[in-house]
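Student: missing the sequence, but the structure's below:
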């Protein structure tokens, strides 16, 4: 429980962080973060690391790696982004988000260095650079055996790329952040390949051919050992199960079977294979304890990723924010749920491929309620309405002023007495949309209805 004093101090820190250069605006450079961590004594080098880049699946794969290593007896530090509800989510120690008191302690510990850096450089430190450094220091001060570090954006010049990773992981690469990363998969892959370090191991999820070429070029150039999905490791089998799926994963000559994963979607099964390959690479390819593998996967959670947060009606949250993620969501809803009808609540950022996302969702969603989050990046409802009507047709689309109103409309519709069908509600479009919806639904849920 966070004390009132700590809560007030945490809010003040969050306000100070929010006033910095936002993480959605990037100045591609490692210069500032490199100087900052040097001033701090290079805390990111105090423990071995697994470094994760990619377009989709990074956070879930990071959480899986964390859970597996915890089950094997290691004290873990996990850094992911963005957060759904609280900035504390970004830094986890031993699988639990950092305590507010520890976050405050760490921030106070580095605050003077932040001021010094802001004076030293013409461009002040960004939000993401500060939170990344804060995570590095926290993992050093509340010591961990291993850091699991997710890239924020890109790879080569991402602030997290001052680590010297023992294992690099690259999840599927698709089109996103093209204004920074490039307009082709080749360009995007080249940037993400920048996390692969000399003499390290790299684990590659299944990639489009042009992306795979760039990643393998980089691995060869730095002498990295490569494990590729479908070649050195693979998902051997997958079967739907109550509350998730049952998997078998093969790495080299070893098959790990009867693995229960409490997440939905074929894409999550692929993430699991990548995560296990990363852990295997970290331990030098030696055979892993099967019971620990099973325990680790069974304990995995992934908030906001096809997450069921409410029953009667069933409400699912998914942070799909690009066409690749929306396609995975649509496939999961079609193949693993038995709704007669799906009501979608959708709010997206204006700088995303909103048309591409909507086109992937159109075949699976019967009625779409358009709204917007509180983010300044949110696409305005009138603009969203015009776009959605051109794809869904005006008779399948309606709008609500905010996410709370949209949820109220969807629930009222799903609970109408005349409905005999099974109706599901899916809330998607961005991480912010899902985070705000999660907070609203927590307030609405009665005991037994919640997460």
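Tutor: Good, I have the coordinates. Please read all numbers here as calculations on a predicted model, not as lab measurements.
Student: Who are the contact partners of the closest residue to residue 406 other than its chain neighbours?
Tutor: In space, residue 406 comes closest to residue 400 once its chain neighbours are excluded; the distance is 3.8 Å by Cβ to Cβ, 6 or more residues apart in numbering. The way it works is simple: take the backbone N, C-alpha and C, and place the C-beta from them, glycine included. Contacts were defined as Cβ atoms under 8 Å, 6 or more residues apart in numbering; by that measure residue 400 touches 369, 370, 371, 381, 406, 408, 409.
Student: The first one pairs with what?
Tutor: The residues listed as beta-bridge partners of residue 369 by DSSP bridges are residue 345, residue 398.
Student: pLDDT weak spots in the chain?
Tutor: Applying pLDDT under 70 to the chain flags the ranges 1, 23-26, 176-182, 417-421, 445-451.
Student: got the buried residues for the biggest helix by length in it?
Tutor: Ranked by residue count under DSSP state H, the longest helix found in the chain is helix 100-120. Neighbour-count burial for helix 100-120, with 16 or more other Cβ atoms under 10 Å as criterion, is recorded at 100, 102, 103, 104, 105, 106, 107, 110, 113, 114, 117.
Student: now, which of these sits nearest residue 145?
Tutor: residue 102 (17.4 Å; Cβ to Cβ).
Student: So the closest residue to the closest one other than its chain neighbours versus residue 296, what's the distance?
Tutor: Distances taken as Cβ to Cβ, 6+ apart place residue 142 nearest to residue 102, at 6.2 Å, with adjacent residues excluded. Residue 142 is 21 Å from residue 296, where distance means Cβ to Cβ, to the nearest Å.
Student: So the two - more neighbours on which side?
Tutor: Neighbours were tallied for residue 142 and for residue 296 using other Cβ atoms under 10 Å; the higher tally belongs to residue 296 (25 against 17).
Student: and the more buried one, what are its phi and psi?
Tutor: The phi/psi pair for residue 296 (degrees, to the nearest 10) reads phi -60, psi -50.
Student: Please give me every residue in contact with it.
Tutor: Under the criterion of Cβ under 8 Å, 6+ apart, the contact partners of residue 296 comprise 64, 67, 68, 69, 70, 71, 72.
Student: which element is the fifth one on?
Tutor: In this structure, residue 70 is located in helix 58-71 according to DSSP states H and E.
Student: Which strands border the next helix-or-strand element following that helix, and is each parallel or antiparallel?
Tutor: The helix or strand immediately downstream of helix 58-71 is strand 76-79, counting by DSSP H and E. Sheet pairing for strand 76-79, assigned by DSSP bridges, gives strand 91-93 (antiparallel), strand 146-150 (parallel).
Student: Quick one: distance of strand 76-79 to the chain centre.
Tutor: Remark: strand 76-79 is offset 14 Å from the chain centroid, using Cα atoms, centre = their mean, to the nearest Å.
Student: contacting residues for the residue most central in space within the chain?
Tutor: For the chain, the residue nearest the mean C-alpha position is residue 59 (3.0 Å; Cα atoms, centre = their mean). By Cβ under 8 Å, 6+ apart, the residues touching residue 59 are 80, 81, 150, 302, 305.
Student: And the last one, how far from residue 162?
Tutor: Note on residue 305: its distance to residue 162, by Cβ to Cβ, is 28 Å.
Student: Does residue 210 lie in a helix or a strand, and which?
Tutor: helix 209-222.
Student: If we go by neighbour counts, what in that helix is buried?
Tutor: Neighbour-count burial for helix 209-222, counted by 16+ other Cβ under 10 Å, picks out 211, 212, 214, 215, 216, 218, 219.
Student: And the protein, what are its domain boundaries?
Tutor: Domains of the chain are assigned by automatic domain parsing as 4-298, 307-444.
Student: out of the contacts of residue 59, which one sits closest to residue 96?
Tutor: The shortest distance between residue 96 and any of these, using Cβ to Cβ, involves residue 80 and amounts to 13.2 Å.
Student: Neighbours of that closest one, how many?
Tutor: Here the number of neighbours of residue 80 (other Cβ under 10 Å) works out to 23.
Student: shouldn't residue 325 be in contact with residue 332?
Tutor: No - no contact is recorded between residue 325 and residue 332 when judged using Cβ atoms under 8 Å, the distance being 10.7 Å.
Student: So the closest residue to residue 269 other than its chain neighbours, which state does it fall into?
Tutor: Counting by Cβ to Cβ, 6+ apart, residue 269 lies nearest to residue 238, which is 4.9 Å off, once chain neighbours are set aside. State at residue 238, reduced to three classes by DSSP: H, G, I helix; E, B strand; the rest coil: strand.
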